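1. Return a 3D structure for these sequence lines:
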Amino acid sequence: MTSAALTRATPSTFAGMVIIGGTIIGAGMFSLPVVMSGAWFFWSLAALVFTWFCMLHSGLMILEANLNYHVGASFDTMTRDLLGNAWNRINGLSIAFVLYILTYAYISASGSILHHTFGELSINAPARLAGLLFALVVAFIVWLSTRAVSRMTAIVLGAKVITFFLTFGSLLGHVEPATLFNVAESHPSYTPYLLMTLPFCLASFGYHGNVPSLMKYYGKNPRVIVRCLIGGTLLALGLYAVWLLATMGNIPRHDFIAIARKGGNIDVLVQALSGVLNSRSLDLLLVVFSNFAVASSFLGVTLGLFDYLADLFGFDDSRLGRLKTALLTFAPPIIGGLLWPDGFLYAIGYAGLAATIWAAIVPALLARASRKRFGSPQFRVWGGTPMIVLILVFGIGNALVHLMSTFDLLPVWN
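-> Reported below is the predicted structural model:
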């Protein structure tokens, strides 16, 4: 092949950035304004920037270790070889837990937002029933084939991008500086509520399972992959900042208490924005965007869980094999969604707790073990041992914060 042909055949960096950004940005973003309302805009933005920095570097540490193995090697291969079977089992359990809890979260979110959507059309659809039906539709698409998921995701992602810019363009035009700067409160307190935002920030920057996929996509080309990780995570950070600006600039801080008390589900936040803005067209855009955001996240997470379980239990790709995998994938979270339909906010928090293992602690340990064995000849994350220590402390700290919050040891904004 000529050099020109090779150049044309090489995937663009932008494509990798979109993969990372699209993986990160999903329905989980709707939890951020609610859980961050105590810390409010500027402290929340600082927490997001700090989390972005740590999660970017933990992803780069996965890349550093991954480059020492064949293209196609993933967490299972690296963790077993570098850290042993015990860590591999812990890592595998954390991945499965995160995917299951996110599947449940999106069933809960889909039920609430579809209930709100049908309500706008004067149709009474119970949230439990709506979530169940939506989950069954997604299960059918995932059961059909990966290609079916890919095609549906492409359609949903395109619609989500269009409605995103239409929605946020409108929301930003309604931002009130007095609301954003919280001038209504004479002596507000923000910092006591900062720590509890961190696990949610961590859960909102989950892309680490895609690092080995990028190596399959680009080959052992660390320079391009690093640009993809930086660009994709910065894209997500920028959109999160805009989302916080749009919500906290329109909804007064005190109003978020009622939203949190109702479970923090997507429909409650959308209703609050609609009530403040009193715009029928913007309300419609919010509803449409919310549906597409939930659908894209739901498809991506459940496909990852489906493939993980099929590999774990050795189910083949026949219709019967895929049916077994689909039942194992969807039955537990569907039951959870029927029993506890308003658990979106709590589920995202628990996902952040488990994600600390495979998105922060394990990557730091992999980088440390990889340097000892291979010396990282192809790529090494800057910062040396202090950077590894920072990522470990970040991961362990997030886990401790979530446990403290669970046992009511942290102040709650109410």
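
2. Which residue is the nearest non-sequential neighbour of S44?
-> Spatial nearest neighbour of S44, chain neighbours left out: M36 (3.8 Å); criterion: C-beta to C-beta, 6 or more residues apart in numbering. Any C-beta I mention is one placed from the backbone N, CA and C, and that applies to glycine too.

3. now that neighbour: how far from W43?
-> Distance, M36 to W43, using C-beta to C-beta, to the nearest Å: 8 Å.

4. And these two? Which one has more around it.
-> Comparing M36 with W43 by other C-beta atoms under 10 Å, the one with more neighbours is M36, at 28 against 16.

5. unless I'm mixing things up, that one is touching A47, no?
-> Yes - between M36 and A47 a contact is recorded at 7.4 Å, counting by C-beta atoms under 8 Å.

6. and for those two, which residues touch both?
-> Taking C-beta atoms under 8 Å, 6 or more residues apart in numbering as the criterion, M36 and A47 both touch T197.

7. can you list the residues that contact the host helix or strand of F140?
-> When elements are assigned from DSSP states H and E, F140 belongs to helix 127-144. With C-beta under 8 Å, 6+ apart as the test, helix 127-144 has contacts from 107-108, 110-112, 114-115, 118, 148-149, 152, 295, 298-299, 302-303, 306, 322-323, 326, 329-330, 333-334, 337-338, 341-342.

8. Ok, stretch 396-404 next?
-> 195-196, 198-199, 202, 349-350, 352-353, 356, 360-361, 410.

9. switch to 10 Å and redo it
-> Contact with stretch 396-404 is made by 51, 54, 194-203, 349-350, 352-357, 359-361, 364, 409-410, as judged by C-beta atoms under 10 Å, 6 or more residues apart in numbering.

10. Any quick ChimeraX command for the buried ones out of the residues you listed?
-> To isolate the buried members of the contacts of stretch 396-404 in ChimeraX, using 16 or more other C-beta atoms under 10 Å:
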select :51,54,194,195,196,197,198,199,200,201,202,203,349,350,352,353,354,355,356,357,359,360,361,364,410
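
11. Which ones among the contacts of stretch 396-404 map onto helices?
-> Applying DSSP state H to the contacts of stretch 396-404, the entries found in helices are 51, 54, 198-203, 349-350, 352-356, 364.

12. the longest helix in the protein is where?
-> Assigned via DSSP H, the chain shows its longest helix as helix 85-120.

13. packing partners for that one?
-> Counting contacts by 3 or more C-beta pairs under 10 Å, 6 or more residues apart in numbering; DSSP states H and E, helix 85-120 packs against helix 75-83, helix 127-144, helix 198-203, helix 266-277, helix 280-313, helix 319-339, helix 344-356, helix 362-373.

14. Now do it against helix 280-313: the angle between them, please.
-> 150 degrees (axes from the mean of the first three to the mean of the last three C-alpha atoms, to 10 degrees).

15. roughly how far is helix 85-120 from the heart of the chain?
-> 10 Å (C-alpha atoms, centre = their mean, to the nearest Å).

16. List the buried residues of it.
-> 87-88, 90-92, 94-95, 97-117.

17. how much space is there between P222 and L365?
-> 20 Å.

18. Of those two, which one has the most company?
-> The neighbour count for P222 versus L365, taken as other C-beta under 10 Å, is higher for L365 (21 against 17).

19. per-residue pLDDT, that one?
-> pLDDT, L365: 96.

20. and if you look at M1?
-> 42.

21. F298 against G111, yeah?
-> No - contact criterion C-beta atoms under 10 Å: F298 and G111 do not qualify, at 11.3 Å.

22. Low-confidence ranges, the protein, go.
-> Low-confidence segments of the chain (pLDDT under 70): 1-10, 27, 146, 150, 263-267, 277, 344-345, 349, 414.

23. Nearest the middle, which residue of it would you pick?
-> S204 (4.2 Å; C-alpha atoms, centre = their mean).

24. just checking, that residue touches P33?
-> No - if you go by C-beta under 10 Å, S204 and P33 don't touch, sitting 11.5 Å apart.

25. shared neighbours, those two?
-> Looking at what touches both S204 and P33 (by C-beta under 10 Å, 6+ apart), the common residues are Y240.

26. for V211, what are its contacts?
-> With C-beta under 10 Å, 6+ apart, V211 has these contacts: 20, 58-66, 74-75, 225, 228-229, 363.

27. and if you look at A203?
-> Per C-beta under 10 Å, 6+ apart, neighbours of A203: 28, 31-32, 51, 98, 101-102, 105, 347-356, 359, 398, 402.

28. thinking again about what came up before, I'd like the helices and strands packed on helix 85-120 written out as a markdown table, with distance to M387 added.
-> As requested, the helices and strands packed on helix 85-120 are exported to a markdown table (distance: least, C-beta to C-beta, whole Å):
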| stretch | distance to M387 |
| --- | --- |
| helix 75-83 | 18 |
| helix 127-144 | 38 |
| helix 198-203 | 17 |
| helix 266-277 | 36 |
| helix 280-313 | 28 |
| helix 319-339 | 36 |
| helix 344-356 | 17 |
| helix 362-373 | 8 |
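
29. I'm done for today, thanks for sticking with me.
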